[in-house]
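Asker: Quick one, what's the 3D model for this:
(2 chains)
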Amino acid sequence: MSATLAFATGGMLPQASSFAASVDQSFDLVTWFAVFLGVLVTGGLSLLLVGPRAPAAVQRRRLMQYGALAALLLVVGFFVQGARVWADMQVVPRGAFPIAVALEDKGWSFTYPNGFVTGELHLPIDRPVRFLFKGSERAYSFAIPAFRMQVPVALREDRVAWVQPTLAGEFDLRTSIDPRAETSIQVQVHAEGGFDKWYQDISGPDLTLPPIELGQKSYQMRGCTQCHTVDGSKLVGPSFKGFATRIHKLTDGTTVEPTDEYIKESVLDPQAKVVEGFEPVMPSFRGRLQDIEIAGLAAYIKSLQ
Amino acid sequence: MKESTNSAQVEHGRIALGYAIVLGLALVAGALLALGLGMQPLAGRGGGASAEGFRRLYSVHGLLLVFLVVLPAIPAVLGNWMLPRALGRSAMALPRLNLLAFQIYVVGALALLLAVCFAPADAGWSFELPYALTSSASLGWSLLAMAVLATSFVCSSLNLFATVIASRGGGRTWGELSPFSWSIAIASLMQLIAVPLLFVALVLLAAQRSGAADVLGTGPAADVRFAQWFWLFGHPALAGALVAALGIVAEVISTHTSGPRAATRVEATSMIAIAVLAFAAAGVHVLGRGLSDADAAGTSALALATGLPFALIVLGWVRELQGPQLRATPALGFALCFLVLLCVGGMSGAFLAVLPTASALRETCFATAQFHYLVVGGTLSALFAGLYLAWPRWFGVEPRAGWGFGACALFFLGINLAFFPLFVLGYLGQPRRSTEIVAGGEHLGELSAFGTALVVVALVITAWNLLSSLLGERKTAEEAA
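Answerer: Numbers count the residues shown, from 1 in each chain, chains lettered A, B, ... in the order given. Sure thing, here's the model as predicted:
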């Protein structure tokens, strides 16, 4: 395709996945034949209109037979080539890096194998990636034109697809099926080694750090910032500012002291004690944080004056 | 007795004229909406209609053009005018049913007009789920109008099919029928089978939307279930419109070369093959949406195979055009225009049938372009070819050839400028029905809007040229007499 449409697109659509070349091959095959046919038909018709008239129908009898045979061969060729490329796209290679994808009201959500959830899509180069699309209460499509990849995800139905990026850089990701969900972001394909570094960064803080520093890293990396501030302003949950300096009033009318135990309980079993004025909506972090990281968090939260 | 046949003869000509008038008005409205659609992405950020307004715009555009223009165009207008004559009959087999079909069509057109004005649909003409289920617009009026129009198509098709069948009583065999008669027989049979399936789809959607019954189910792939019913109607019905177009173009080409002739065996069998494949390959519209691998591969093969009968018919025409004589008229111009647009539309259909390209291109405006080449370019150029062919016999006047050629050239240029850029945009990943244009595609969008404007001008010139000829003196009739 690159060849066929390069003049029209100025090479704006790179072949950024291992599929891109073979999909473009299918594209090329049909395109070149279409161009050939277009020239043949328009050229032939023009000639017929201005050129001399054929005297008899002697030569023309064969036209039908050859034409029919050529058309049949082409159609079979299109199908076989396309089916081979497509079959390749259906089989997810072993050891592909798994990422779960969902489209929510606020946008895309990508869940990496370490449990890290983000709205950004980061991919490694030259390594197969397996997407698990979570079906939800809306149908959507997951389209990355530079990968020649478009996955329609039906209502409430999970779906798997894979791709192997072959170019580093940023590429458009968009969805098209639900007209209300015009969600366009950039996919980041990291150059060699860049993805591993990024993935390590999101995997969690360095557990050898001093407690308060470890807690601060953890607070930033584990998604606490989405609901809890450190400057006193209220989000979904209470701010951590001045946590250690006050007695906390709970929804059931009781109070609780600002201890390490209270913090640990709130991380592992958030609904056990809910601060007055807030909804019991926090997810549990049980199994996602080690004790040393929770201790660091407690130290960090108590350090906020 | 003789008088009654005469009045019946007047009847089908008048009905043809009535269809032509309503259809012409709907065509102009639909084309102006298309112009609005084309301008939309160019109106700039924040300008133009809201996303909701845009959805209404394309839905109304599609409903008007598909149900009032494309589906009835050739069978209703040209079929009513030319079919009895082509079969050597003075009247339709079922003239009252035919009149009823027209009356229902007018009621349906009015109902659709009311729906457009007071309760515009906003889920496209094909009622894409899940949007059609969750849409807050009142789709009921549009669904009702579609049901009324579908009733009209069933009545009309029944009459046309019966007329072809009955004509064989006069000693004619199938082999003696003209290509147009063949095409009308097959197209009306296709509508007779396909249109009732639209009722099923409409009832399913209405019941599910109203909450009266949980017919589409809440399980996975409810949208695919609806789409399968809808396209089992939509794919063959639109293919039927193309079959009728093939028939009239064959008629035009033969008239302009060796003279009117019977349909060749290749033409007849190809039309039958197109009809069968149209039903078999309707699943191509849900390709990549919950079909099993085997079903997907089968559908892909069937959809690709649809190209073969078309290719055979076109090859036959090319052979015919090589013949010793050729008369150049606007009718032939539009017929050749049809031939080229059919090739582009048909070939681009292959992209949407070959599995990997189909999965990359679905829901992009590549599909929009393919659809419009065949359905707009194909049906309209065939309709105009047929009108230019039939006009002198119909009204005894000859439309001016110069304007005819000019409009034909403008139409051809306009269709290509309007829709070819959409192929490129679709390849770049431009979603269809979007108010935003992908980066780098702005100029292509402008080109497309310009092409749409050219098509509108060509339509206006054609209408003016045909209608103004009626005001002139009927010279041809006197000369012919």
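Asker: which one is residue 121 nearest to, not counting chain neighbours?
Answerer: Going with chain A. residue A:187 (4.8 Å; CB to CB, 6 or more residues apart in numbering or on different chains). The way it works is simple: take the backbone N, C-alpha and C, and place the C-beta from them, glycine included.
Asker: Chain B was what I was after
Answerer: Nearest residue to residue B:121 in three dimensions, chain neighbours excluded: residue B:142, at 4.1 Å (CB to CB, 6+ apart).
Asker: what's around the one you found, how many residues?
Answerer: Residues contacting residue B:142 under the criterion other CB atoms under 10 Å in any protein chain shown number 27.
Asker: Look at it and give its secondary structure.
Answerer: Local secondary structure at residue B:142 is given as helix here, using DSSP: H, G, I helix; E, B strand; the rest coil.
Asker: In terms of pLDDT, where does residue A:6 sit?
Answerer: On the pLDDT scale, residue A:6 is placed at 49.
Asker: who touches stretch A:91-108?
Answerer: In this structure, residues lying in contact with stretch A:91-108 by CB atoms under 8 Å, 6 or more residues apart in numbering or on different chains are A:109-113, A:119, A:121, A:124, A:127-134, A:136, A:138, A:140, A:142, A:153, A:160-162, A:173, A:175, A:181, A:183, A:185.
Asker: average pLDDT for it?
Answerer: Mean pLDDT, taken over the full extent of stretch A:91-108, equals 86.
Asker: thinking again about what came up before, out of the contacts of stretch A:91-108, name the ones that lie in strands.
Answerer: A:109-111, A:121, A:129-133, A:140, A:142, A:153, A:160-162, A:173, A:185 (DSSP state E).
Asker: Is it possible to mark the buried ones in those?
Answerer: A:110-111, A:121, A:129-131, A:133, A:140, A:142, A:153, A:161-162, A:173, A:185 (16 or more other CB atoms under 10 Å in any protein chain shown).
Asker: What score does residue B:1 have for pLDDT?
Answerer: The confidence metric pLDDT takes the value 36 at residue B:1.
Asker: Quick one: low-confidence residue ranges for the stretch 151-300 of chain B.
Answerer: For the stretch 151-300 of chain B, residues meeting the criterion pLDDT under 70 lie at B:169-171, B:218-221, B:288-290.
Asker: 80 instead?
Answerer: Of all residues in the stretch 151-300 of chain B, those with pLDDT under 80 make up the ranges B:168-172, B:211-224, B:287-293.
Asker: Walking through it, point out its strands one by one.
Answerer: Read by DSSP state E, counting those that start in this stretch, the stretch 151-300 of chain B holds no strands at all.
Asker: Run through the residues that contact the closest residue to chain B within the stretch 101-250 of chain A.
Answerer: Closest residue of the stretch 101-250 of chain A to chain B, CB to the nearest CB: residue A:145 (2.9 Å). Residue A:145 makes contacts with A:13, A:171, A:172, B:360, B:428, B:429, B:438, as judged by CB under 8 Å, 6+ apart.
Asker: From the chain's centroid, how far away is the helix or strand in which residue A:300 is found?
Answerer: Taking DSSP states H and E as the definition, residue A:300 sits inside helix A:291-303. Here helix A:291-303 is found 33 Å from its chain centre; the criterion is CA atoms, centre = their mean, to the nearest Å.
Asker: What is it packed up against?
Answerer: When contacts are defined as 3 or more CB pairs under 8 Å, 6 or more residues apart in numbering or on different chains; DSSP states H and E, helix A:291-303 sits against helix A:211-221, helix A:260-268.
Asker: quick one, which of these is nearest to residue B:115?
Answerer: Closest approach to residue B:115 among the helices and strands packed on helix A:291-303 (CB to CB): helix A:211-221, 54.6 Å.
Asker: ok, residue B:35 touching residue B:453?
Answerer: Yes - in this structure, residue B:35 is within contact of residue B:453 by CB atoms under 8 Å, at 6.1 Å.
Asker: Identify, out of the helices and strands packed on helix A:291-303, the most deeply packed stretch.
Answerer: For the helices and strands packed on helix A:291-303, the largest average neighbour count (mean count of other CB atoms under 10 Å in any protein chain shown) is found in helix A:211-221, namely a mean of 19.
Asker: partners of the following helix or strand past that helix, with directions?
Answerer: Under the assignment DSSP H and E, the closest C-terminal helix or strand after helix A:211-221 is strand A:248-249. Looking at strand A:248-249 with DSSP bridges, its partner strands are strand A:255-256 (antiparallel).
Asker: Stretch B:424-435 close to chain A?
Answerer: Yes - Stretch B:424-435 comes into contact with chain A when judged by CB under 8 Å from any CB of the partner chain, the residues involved being B:424, B:427, B:428, B:429, B:431, B:432, B:433, B:434.
Asker: pretty sure the fourth one is in a helix, no?
Answerer: By that I understand residue B:429. No - read with three-state DSSP, residue B:429 is coil and lies in no helix.
Asker: mind listing what it touches?
Answerer: Under the criterion of CB under 8 Å, 6+ apart, the contact partners of residue B:429 comprise A:13, A:143, A:145, A:172, A:174, B:364, B:438.
Asker: what's the distance between it and residue A:31?
Answerer: The gap separating residue B:429 from residue A:31 is 17 Å, by CB to CB, to the nearest Å.
Asker: do the same with the third one
Answerer: Remark: distance between residue B:428 and residue A:31 (CB to CB) = 14 Å.
Asker: How far away from the center of its chain is the helix or strand where residue B:455 lies?
Answerer: Assignment of secondary structure by DSSP H and E places residue B:455 within helix B:442-471. The gap between the average C-alpha position of helix B:442-471 and the chain average comes to 18 Å, counting by CA atoms, centre = their mean.
Asker: Against which helices or strands is it packed?
Answerer: In this structure, helix B:442-471 packs against helix B:2-39, helix B:379-395, helix B:401-427, with contacts taken as 3+ CB pairs under 8 Å, 6+ apart.
Asker: That one to helix B:379-395, inter-axis angle?
Answerer: Interaxial angle, helix B:442-471 versus helix B:379-395 (axes from the mean of the first three to the mean of the last three CA atoms, to 10 degrees): 10 degrees.
Asker: Buried residues, helix B:442-471. List them.
Answerer: Within helix B:442-471, the residues that count as buried by 16+ other CB under 10 Å are B:444-449, B:451-456, B:458-459, B:461-462, B:465-466, B:469.
Asker: near chain A, which residues of the stretch 51-200 of chain B show up?
Answerer: By CB under 8 Å from any CB, the residues of the stretch 51-200 of chain B that approach chain A are B:51, B:55, B:128, B:129, B:130, B:131.
Asker: what about 10 Å?
Answerer: Contact residues, the stretch 51-200 of chain B versus chain A (CB under 10 Å from any CB of the partner chain): B:51-52, B:54-55, B:58, B:122-124, B:128-131, B:133-135.
Asker: Minimum pLDDT in these, which residue is that?
Answerer: Here the lowest pLDDT out of these sits on residue B:130, with 69.
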